[in-house]
Each structure stands twice: as C-alpha cells, then as structure tokens.
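[1] Requesting a structural model of the entry that follows:
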Amino acid sequence: PPRSAAMKRFGQIIHGSATLLFVGSSFAYAVQSRPAPLLAAFQGSDGAVVLPGVPAASDAAQTLALPQLYMSPENPLMWALLIVLWLSLALDAITQLRESSEDYSFAAAAGPNVVWPALSLALLAGAAWPWMVDRQNEPVLLGALFMVLATVIAARRARRSNRPAIGFLAGWSTATGIAALAAILAERLGLTIAQAAVLAILPGVLIGLAAQGRIGPSITYPTALIWAFVALATTTMGSSPMIAMAAIVGVSAMAMVLIEAAS
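    This is a model prediction of the structure:
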C-alpha cells in the first residue's frame, strides 16, 4: 500500500540522515578540533605526565582529552580506524536505501530484527556527545554510554544480516565510551594520563567480551576493538609502559574472541 511505502521511505530517510549527520559531525570534529595532547606527553622525573610548555597542573584537563584520541586522531592508525568507520557506515546507508530487506515501518520498529531505530539513535548520539568533551562531563558520559548500548542492540538485531558496518560501529563506540568513562573517573580520582589510558583498556576488555556475547558471531566488533586498543597504545606509548602491557592484554583477549567468531 502507498502508506506502507511512504513509512518505509521515511524510516530509510531517518537512517540515512543520521548516518550523514554522524559522518559529517565526526569529520568536522576530527579536522577542526584541537588535537588531543597525549601524543606529545612524556614522563617527568616524578612520574607525572607533562607536556612541553604546559604546566603539570593541567594534567587533569589533559586526561579529560582521552576520548579525543579516537575522534581527533594524531597517528595513522587512529585516522585509518575513523576513515574505515565513515566509509563502512556510508556504504551501509547507501545499500539500505537502494535494496533494503529490512522493515522500515514504524509498526515494526520494536521487532527483534529491525535495526534502524537503535542504529539511528546511536548515530545521533555519536554526532552530539564529542562536542561536549572538556565542557560538561556528565552529558559526555551519558551520551557515550548511550551510544554503546544502542550500537550493541543494533548489532545484535543485525546478526542475521550481512551488515558488517554495524558491528564495526559497535566496537568503535565501545572503545570511545570506555575512554570517556575512564577520563571522567581519572579526573575525579586525580589519576595521570597513563593510568587513565590503562583504565580505558582493561575494563574495555570485560565490556567487550560481554557485548560480544550479546551480539553473537560478529567478526567486525572484535576487529574494531583490537584496532582501537593497538592505536591507543601506539598513540600513548611515550607516557607509560603500563599502557603497552594493558593493550597486549586487551588485544590478546579480543583476538581469542575474533578467532572464535570467525570459526
């Protein structure tokens, strides 16, 4: 019926618009936002992480910039992760607009295999919360964790369809959500950047394992998390050997998940 076709098209437009907004917002943030300071950080004689020309007292503010490592990249691995995410989401949206097998009607929005409502909400949250970093901690944390939850739900609903971009987005959002949580905890507890980076990896492994169990046999979810852990360790390797050790643990655990999912 014409009404059903119109509702389906409206749902597709919402999904496509949310994808365009997320990609455009994250691209603008990546190229316009000031770079996160952690790449230039080094460890002083007292063990504190300091920057050339930046007072040590600003360390808490630097710690709050931890999520920016994923969204305002400073090394090729982080840039590649972000570019692959943009391209995969754009391809997924174009494919859904052209030959979607999903029911985009509002009547079916709560169905167990309908992906677009949770995915669209996740993309809208991902377009908004990075711009609040260093300004309002609680909205940043709520936005990041909401995106993690929504992307895991979307990836679980898409487990029977061939849509790898959703699992990849879920892995990336898990990494950024854990970074936001770690940064705020580090700021509240007075931790250094190195300790905050470790805090971003180790709990992320446990959350990643739990999310993988909910999503099912998705290869792209652990791939994105492994990529994120390696890129985080590479970006912050000058601050503390603890980060490299934590990254090895994270990569090893998620590699086992990846092998299990692939088999």
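[2] can you count the residues close to Ala210?
    12 (other CB atoms under 10 Å). In this view, the C-beta of every residue, glycine as well, is placed from N, C-alpha and C.
[3] Now do it against Ala93, distance only.
    To Ala93, Ala210 is 28 Å away according to CB to CB, to the nearest Å.
[4] Also Ala127?
    Counting by CB to CB, the gap from Ala127 to Ala93 is 14 Å.
[5] Would you enumerate the residues in contact with Ala158?
    Counting by CB atoms under 8 Å, 6 or more residues apart in numbering, Ala158 touches Val115, Leu119, Ile166, Gly167.
[6] Between these, which sits nearest Gly16?
    Nearest to Gly16 among these, counting by CB to CB, is Leu119 at 11.0 Å.
[7] in which helix or strand would I find that closest one?
    Leu119 is part of helix 116-128, with elements assigned from DSSP states H and E.
[8] name the helices or strands packed onto the helix or strand hosting Phe146?
    Taking DSSP H and E as the criterion, Phe146 maps to helix 137-157. Secondary-structure packing of helix 137-157 (3 or more CB pairs under 8 Å, 6 or more residues apart in numbering; DSSP states H and E): helix 116-128, helix 164-189, helix 193-215.
[9] Next, the angle helix 193-215 makes with the second one.
    Spelled out, that is helix 164-189. Interaxial angle, helix 164-189 versus helix 193-215 (axes from the mean of the first three to the mean of the last three CA atoms, to 10 degrees): 140 degrees.
[10] Now helix 164-189: buried residues?
    164-187 (16 or more other CB atoms under 10 Å).
[11] Excluding residues flanking it in the chain, which one is nearest Ala122?
    Ala150 (3.6 Å; CB to CB, 6 or more residues apart in numbering).
[12] quick one: the one you found and Leu121 touch, right?
    Yes - between Ala150 and Leu121 there is a contact under CB atoms under 8 Å: 4.9 Å.
[13] quick one: which of the two has more around it?
    Per other CB under 10 Å, whichever of Ala150 and Leu121 has more neighbours is Ala150, with 23 against 19.
[14] List the contacts of the more buried one.
    Ala118, Leu119, Leu121, Ala122, Ala125.
[15] can you confirm Ser161 is in a helix?
    No - read with DSSP: H, G, I helix; E, B strand; the rest coil, Ser161 is coil and lies in no helix.
[16] Just give the number of residues close to it.
    Using other CB under 10 Å, Ser161 has 13 other residues around it.
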